[in-house]
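Asks: Next comes the sequence, and after it the predicted model I'd like to discuss.
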Amino acid sequence: MKRHLTLAFLILPLLAISALAQDAAPAPKPPDNIIQVIENGGPLIIMIWCAILGTSFTMVTFVIQNIFTLRNERMAPKALVDSLANEIAAGNYQAAWETCSANNNYLANVLKGALERIGRGKEAVDDTVAEYSLREATALRTRNSYLSVIGVISPMIGLLGTVIGMMKAFAVLGASGIGDPRGLATSIGEVLMATASGLFIAIPAFISYYIFRNRTQQVIVFADDKVGRLLEDIPYEELTGLRIGENFNAGQPGLTAGASQSRRVSMALTTNCPVCNGAVTPGTNPCPHCGASLDWAA
């Protein structure tokens, strides 16, 4: 019995020392930063992280672009609205068209198309406004929808990186066993960073998408209201047949379009329409070329 106790007192300290030495053994040093994590992952992990960074920069670009684009002043600048209102009120429809051509925004693009159809009546103008408004609104909504796409694919890219990293970690585990569970835990923590990064991009992307979607609708309604106000007092009946645009009154550079332009024609002196300059037979009414009503005088 004494012999057994003596052996126990000798063996127990040795076991304790062995355990302490094992605990004091340095664990595998984890990577110091995310750059080392990416480098240790291999070419495929590097490609996945490049895709994550690419979606991040793209999201920031679209957010900044929408912040500067989706503003009432950008869609329908007040100075432009006032200038067009004065030109349309004076009947200078060709000048208003040229003003729209010199500007590139929602209001100018929609109103330009409407002015080109002004000689075809109010119904044609309304149809053109609806068509051009839909075209401009679709461009705005399409640009914003990319934020939703980024919000969907960025977690999937991150998850792909995590799955690939887990496959490598378990392959090492299968080859060497679970002699050091701390190393396995460190590896798993590293590969989960890809999923976390994907979610870090997806959350603000989705939030931005819904914010800018509502903002897009607000600025579209604002710009459409300005277009409607500019077109509401145009005397379409008096402008039947009038052509506005690049081919307006070809051959008469000094002629301007105006609702107050005289359509009085003398049988003795004039045989050309004062609106389109087309040759007309004295007494013909309306003009066979542009349909303008002519007031023939003796």
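Replies: Received, thanks. Residues are numbered from 1 along each chain as shown.
Asks: This structure: strands as residue ranges?
Replies: Counting by DSSP state E, the chain has strands at residues 264-266, 295-297.
Asks: mean pLDDT for those strands: which is lowest?
Replies: Ranked by mean pLDDT, these bottom out at strand 264-266, with a mean of 51.
Asks: Please enumerate the helices of the chain.
Replies: In the chain, the segments counted as helices under DSSP state H are 2-24, 34-41, 43-69, 72-75, 78-89, 93-101, 106-116, 122-176, 181-231.
Asks: distance of residue 97 from residue 212?
Replies: Going from residue 97 to residue 212 by C-beta to C-beta, to the nearest Å gives 31 Å. Glycine gets a C-beta too; all of them are placed from N, C-alpha and C.
Asks: again with residue 129
Replies: From residue 129 across to residue 212, the span is 24 Å (C-beta to C-beta).
Asks: Compare neighbour counts for these two and give me the winner.
Replies: More crowded of residue 129 and residue 212, by other C-beta atoms under 10 Å: residue 212, with 23 against 19.
Asks: is it true that that one touches residue 144?
Replies: Yes - assessed by C-beta atoms under 8 Å, residue 212 is found in contact with residue 144 at 4.8 Å.
Asks: any weak-confidence spans in the stretch 151-298 of the chain?
Replies: 169, 172-187, 189-190, 247-278, 289-298 (pLDDT under 70).
Asks: how is the chain carved up into domains?
Replies: Domain assignment of the chain by automatic domain parsing yields the ranges 34-238, 261-298.
Asks: okay, those in a markdown table with distance to residue 245 next?
Replies: Shown next, in a markdown table, are those (distance: least, C-beta to C-beta, whole Å):
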| stretch | distance to residue 245 |
| --- | --- |
| domain 34-238 | 5 |
| domain 261-298 | 13 |
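Asks: Figure out which of those is closest to residue 244.
Replies: Between residue 244 and those, the tightest spacing by C-beta to C-beta is seen for domain 34-238, at 4.9 Å.
Asks: ok, the closest residue to residue 145 other than its chain neighbours to residue 235 distance?
Replies: Excluding its sequence neighbours, the residue lying closest to residue 145 (C-beta to C-beta, 6 or more residues apart in numbering) is residue 209, at 7.5 Å. Distance of residue 209 to residue 235, computed by C-beta to C-beta: 44 Å.
Asks: One more: residue 127?
Replies: Going from residue 127 to residue 235 by C-beta to C-beta gives 19 Å.
Asks: contact partners of stretch 97-113?
Replies: Contacts to stretch 97-113, defined as C-beta atoms under 8 Å, 6 or more residues apart in numbering, come from residues 74-77, 80-81, 83-84, 87, 96, 115-116, 128-129, 131-133, 136, 140, 219-220, 223-224, 226-227, 230-231, 244-245, 248.
Asks: Make a PyMOL selection of the buried ones in the residues you listed.
Replies: Remark: buried members of these, expressed as a PyMOL selection using 16 or more other C-beta atoms under 10 Å:
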select buried, resi 75+76+77+80+81+84+87+96+115+116+128+129+132+133+136+140+219+220+223+224+226+227+230+231+244+245+248
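Asks: Return the set of buried residues in stretch 148-168.
Replies: 150-151, 153-155, 157-158, 160-162, 164-165, 168.
Asks: and if you look at stretch 64-72?
Replies: Residues of stretch 64-72 classed as buried: 66, 69-70 (neighbour count, 16+ other C-beta under 10 Å).
Asks: how deep is residue 144 tucked in, by neighbour count?
Replies: 23.
Asks: Could you do residue 122 as well?
Replies: 15.
Asks: switch to numbering from 608
Replies: All set: I'll call the first residue 608, so the last point we hit is now residue 729.
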